[in-house]
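> Need the 3D shape of this:
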Amino acid sequence: MLVIKLKRIGKKHQPSYRVVVTEKRSKLDGKYVEDLGWLNPESKKSSLNKDRVLHWIKIGAKPTDTVHNLLVRSEIISGPKKAVHSVKKEKKAK
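Numbers count the residues shown, from 1 in each chain. Predicted coordinates for the structure are as follows:
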């Protein structure tokens, strides 16, 4: 199964990510099928190839939750953002 996910690149304490299409079970540093763009979280800039992203989604590649939110933010796909971090429920005191 193909997925669109982030691949970390960059130096220590200076993260930068590539948005890639890869097999779901492949390693993070493993080979990927296609490079679709990049993301720099420090400057909050990104560049994505819209045509290729839509092509892979049409074929059946599913984006991870973080990539889904990135695609919604850059207006490539429409819909609500997904919750990435789960909120722990406090245990009720008896």
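> how close does His55 get to Trp38?
Using C-beta to C-beta, to the nearest Å, we find His55 at a distance of 18 Å from Trp38. Where C-beta positions appear, they are placed from N, C-alpha and C, glycine not excepted.
> Val21 too?
Distance, Val21 to Trp38, by C-beta to C-beta: 14 Å.
> neighbour-wise, which of those two wins?
Val21 (21 against 17; other C-beta atoms under 10 Å).
> Would you mark the buried spots in the helix or strand hosting Tyr17?
In the assignment (DSSP states H and E), Tyr17 maps to strand 14-23. Using 16 or more other C-beta atoms under 10 Å as the test for burial, strand 14-23 gives 16-22.
> Between these, which sits nearest His85?
Of all the buried residues of strand 14-23, His85 sits closest to Tyr17, with 17.4 Å by C-beta to C-beta.
> In this protein, which residue is most central in space?
Val67 (2.4 Å; C-alpha atoms, centre = their mean).
> mind listing what that one touches?
Contact partners of Val67, counting by C-beta atoms under 8 Å, 6 or more residues apart in numbering, are 4-6, 19.
> Tabulate those residues in TSV, adding columns for distance to Ser43 and pLDDT.
Shown next, in TSV, are the contacts of Val67 (distance: C-beta to C-beta, whole Å; pLDDT from 0 to 100):
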residue	distance to Ser43	pLDDT
Ile4	22	96
Lys5	21	94
Leu6	16	94
Val19	16	95
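> Max pairwise distance over the residues you listed: which two?
Ile4 and Leu6 (8.8 Å).
> Could you pull out the strands in the protein for me?
2-11, 14-23, 34-40, 45-48, 62-63 (DSSP state E).
> Identify the neighbouring strands of the first one in the sheet and state each direction.
Think strand 2-11. In the sheet, strand 2-11 lines up against strand 14-23 (antiparallel), strand 62-63 (parallel) (DSSP bridges).
> Nothing else from me, thank you.
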